[in-house]
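Visitor: here's a sequence, model it:
(one chain, ligands or ions: 1)
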Amino acid sequence: MQMKEFSGTKDLTERSYEIAHKQIAREAAAEGFVLLKNEAHVLPFSENCEIALFGAGAVKTVKGGTGSGNVYSRHTVSVWEGMEKAGFQITNRNWLESYERLYEDARMKWKEIVWARADELSKKPRGIGPLFEAYMITPFDIPAGELSGIGAGDKAVFVLARNAGEGADRRLEKGDYYLLDQEHELLKAVCSSYKKVVLIINAGGAVDLEFTEEFPNIKSILYISQPGQEAGHAVSDVLLGKVSPSGKLTATWPLRYEDIPFAEEYSYLNGDTDHDYYRQGIFVGYRYFDTFEKPVRYGFGHGLSYTNFSIKIKDIIQNNDTLSLTALVQNTGPVAGKEVLQVYASCPQGRLQKEYRRLTGFAKTKLLQPSETEEIIVSFPIRALASFDEKMCAWILEKGRYGIFAGGSLETATYSAFADLQEDVVLELLRHICPLGEELEELTPDADCIRKKRSVLEEEPSKGPGLLLAVDGFAAKQVVYGRYDGADEDENLAIVKKLSREQKIKLCTGDFTDKNDQGAIGAAGWTIPGTAAQTSSCAVEEGVPSVALADGPAGIRLVMEYQVIDGKPIVPTLEESIEGGLLLREEKKKGDETWYQFCTAFPVGTLIAQTWNRSIMKQFGRAIGEEVDEFNIRFWLAPGMNIQRNPLCGRNFEYYSEDPLLAGITAASVTEGVQSRPGRGVTIKHFACNSQENNRMHVDAVISERTLREIYLKGFEIAVKTSQPMAIMTSYNLINGIHAANNYDLCTKLARDEWDFGGIIMTDWTTTNQGPDCTAAGCLRAGNDLIMPGRQSDHDNINMELDAGTLSPEELDRSTARIVKVLR
Ligand code: BGC
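Guide: Residues are numbered from 1 along each chain as shown. Coordinates of the predicted model:
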């Protein structure tokens, strides 16, 4: 066996974990693909059939997004490669080959533009460094492809590709949300030359699909999101019917972008990126479209299959604080497939106005053979029916009828059962958090309209089963605040007491190697090349190890190859660590040895959630656990679990859903998988309200407490309470005027006092580079323990505030003790 001196291997042979994880990546991707449309059963195709293949995504399939969410793997199987390997007869290789050349030229031109911007920006250096800033604000425009060489025939596949990443929102422009003129022309030519066209959408989120109305030959639409390195194989599995699609949308695709409430105000669209007014209140995504009866293009939970299912509800029962709905799901179609049973509740409209329906639980069947039936139980806590009453500052259940809808999507879910509540119930009494600093008028639906919609539920006796909710044992929970203001008198604090002030500050500010005090984003770690950061080694002798942190969420983000010179691994520069080294201006220095770190690029977060399959989510998490173990990484900087509030958010691909329950359950399941490896942990991020990437360090989320708690914090709450993640990462933005990182309400009152979070809270990278309102000492005061990736200025700031008495020694000890507890 090779002696392991450095991270990874010198041997290029594929390792057993790589082979196993390729298979997991392929299965997870295929299970998450959503068949949006399939007229006349054009799909699946028969084996060996002739197909013409077009579109950027056919040749350069986008495996995942850019920035810290980009995972490097040995190879991405494009749709073209996957289809050829699966035996399809591709009829237009010339077009595909010429596209490849066109694309490579466009990449080189883009590199020049990025560097020209970086050189310009370096004249006025700002927080995150000119190259990274230039890279973030200069998205690569994927070329459309030639109009010549289209040919003619029966079947064609067109793969539309889009990319996005941190630091910039997607653009409501041609080439991003809309088709480029040239793409439109190409599609027109393809649709007039081929009878049956399958459109594959290879994008991190929704794109405008109005054009599909123009081209009746587009018979099928398959949404593959960004499927990771095994993309082409997974696509072929579904095109050939080896896998019947069973993914479901986790966000609504509107008919037109303008149909989204306050769409025109989002991010840069109204010229104000400093403020983000959450005027739609709780009516986010389907909660808006369903309540306000707005038609959509493809709704929440939608996804077709190659087979059909029938769903019969058997009963509903209450067991203490849980409701369980039992259903029989039968495969009534011709081939094997899986179905997702989605359960929605319509809560009574009392003092509080509510959305018409909300997701309260779901479960996926096993692979059902034709005619096979499975009994499925969907259980959910009664708390999932509660709303937050700002006046009382409490989670409450209002009396009345809770209509339970069940089905294979929101649209097809039918009124199936009910639960009646005879009196109002207060579940939990809390203190206010994150108060609004200004008036905010929120969207409210017409009360009569909702009452009319609900009258069917309230007046007619339900045909399905029902029950009277028993709430005798539901005494209102009272939270004791302030319990976490000091450190616990335990063995961790005993270790901290032996450390010097310098050591404590170092433990709370990471190990900084960056001489320019910039804290290189995504590449500040040094023992494991390409890691995002490393904690300090100053207290190793006292038993506190120095550990590495690496990005995700679509795998482990490391550099794939690094050099060792004079017995030392060379820490990759930013140029080397983004875009797989494409931005390097000079050839990389050749060392004495080359080492490799082979990681798997899995499907992006949205695609994992689109499986609606907890066991796949856990299996994915276990695979991540194995890879973080392999590379000795303590904290995986994922899952990303912000709410997909608007399709233009640049990081939506990393996130799971517009629905907090689905986001929370997905994050909890992935966490359980990763943390099944002893000592390895996740970092759920970005806490909270990271809904906008433009100006992400300064944008203020102006939001009501009810909306914050019901929509934007709910998923985090579910993840913390269900799976105790090892860490939470705060977001860059402000919430009602206070930076999330410096926010005591968020970090202490909510995460610790209310949710009993026992791990560590860390900042996002270089958060504290934003002026006097967001400082390292401010973070510690708020209960944010680890300042990442740590800079000399953070160290100095803490020292200065300790001397001034504005940061107490107890506050420093409290955070240090939490770090010691988790690292030991
Ligand atoms: C991102 C984080 C990431 C960190 C480290 C930041 O730019 O917002 O999500 O974990 O960099 O790479």
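Visitor: select the longest helix from the protein.
Guide: Longest helix in the chain by number of residues (criterion: DSSP state H): helix 93-121.
Visitor: what's the following helix or strand after that helix?
Guide: Note on helix 93-121: by DSSP states H and E, the next helix or strand toward the C-terminus is helix 130-137.
Visitor: how about low-confidence regions in the stretch 501-650 of the chain?
Guide: Within the stretch 501-650 of the chain, the ranges that satisfy pLDDT under 70 run 513-524.
Visitor: if we go to 90?
Guide: 510-527, 529-530, 567-581, 585-591 (pLDDT under 90).
Visitor: list the buried ones in stretch 85-100?
Guide: Residues of stretch 85-100 classed as buried by neighbour count (16 or more other Cβ atoms under 10 Å): 86, 88, 90-92, 95-96, 98-99. Glycine gets a C-beta too; all of them are placed from N, C-alpha and C.
Visitor: revised request: answer the last question for stretch 172-186.
Guide: Buried residues in stretch 172-186 (16+ other Cβ under 10 Å): 172, 175-180, 183-184, 186.
Visitor: the residues you listed in helices, which ones?
Guide: Of those, the ones assigned to helices by DSSP H are 183-184, 186.
Visitor: in a markdown table, list the residues you listed along with distance to the ligand and pLDDT.
Guide: Below are those laid out as a markdown table (distance: Cβ to the nearest ligand atom, whole Å; pLDDT from 0 to 100):
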| residue | distance to the ligand | pLDDT |
| --- | --- | --- |
| 183 | 30 | 98 |
| 184 | 34 | 98 |
| 186 | 35 | 98 |
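Visitor: closest one of these to residue 224?
Guide: residue 183 (17.1 Å; Cβ to Cβ).
Visitor: now the closest one: closest residue in space, sequence neighbours ignored.
Guide: residue 144 (4.4 Å; Cβ to Cβ, 6 or more residues apart in numbering).
Visitor: spatially nearest residue to residue 502, not counting backbone neighbours?
Guide: In space, residue 502 is closest to residue 538, 7.5 Å off (Cβ to Cβ, 6+ apart).
Visitor: neighbours around that neighbour, how many?
Guide: 18 (other Cβ atoms under 10 Å).
Visitor: got the buried residues for the longest helix of the chain?
Guide: So for helix 93-121, counting by 16+ other Cβ under 10 Å, buried means 95-96, 98-99, 102-103, 106, 110-111, 114-115, 117-118, 121.
Visitor: what two of those residues are the furthest from one another?
Guide: Top of the distance list for the buried residues of helix 93-121 (Cβ to Cβ): 95 and 121, 38.3 Å.
Visitor: what's the spacing between the residue nearest the centre of the chain and the ligand?
Guide: With distances taken as Cα atoms, centre = their mean, residue 655 lies nearest the centre of the chain, 1.5 Å away. Residue 655 sits 11 Å away from the ligand, going by Cβ to the nearest ligand atom, to the nearest Å.
Visitor: please apply the same query to residue 764.
Guide: Distance from residue 764 to the ligand, by Cβ to the nearest ligand atom: 5 Å.
Visitor: isn't that residue right next to residue 728, touching?
Guide: No - the pair residue 764 / residue 728 is not scored as a contact, 10.8 Å apart, by Cβ atoms under 8 Å.
Visitor: common neighbours of those two, please.
Guide: residue 685 (Cβ atoms under 8 Å, 6 or more residues apart in numbering).
Visitor: for the host helix or strand of residue 706, packing partners?
Guide: Assigned by DSSP H and E, residue 706 belongs to helix 705-707. Contact here means 3 or more Cβ pairs under 8 Å, 6 or more residues apart in numbering; DSSP states H and E; on that basis helix 705-707 packs against strand 387-389.
Visitor: which helices and strands sit right next to the strand it packs on?
Guide: strand 394-397, helix 705-707.
Visitor: name the SS class of residue 201, please.
Guide: strand (DSSP: H, G, I helix; E, B strand; the rest coil).
Visitor: so residue 31: helix, strand or coil?
Guide: helix.
Visitor: let me see the contact set for the closest residue to it other than its chain neighbours.
Guide: Among residues not flanking residue 31 along the chain, residue 611 sits closest, at 4.5 Å (Cβ to Cβ, 6+ apart). Residues near residue 611 by Cβ under 8 Å, 6+ apart: 28, 31-32, 246-247, 364, 617.
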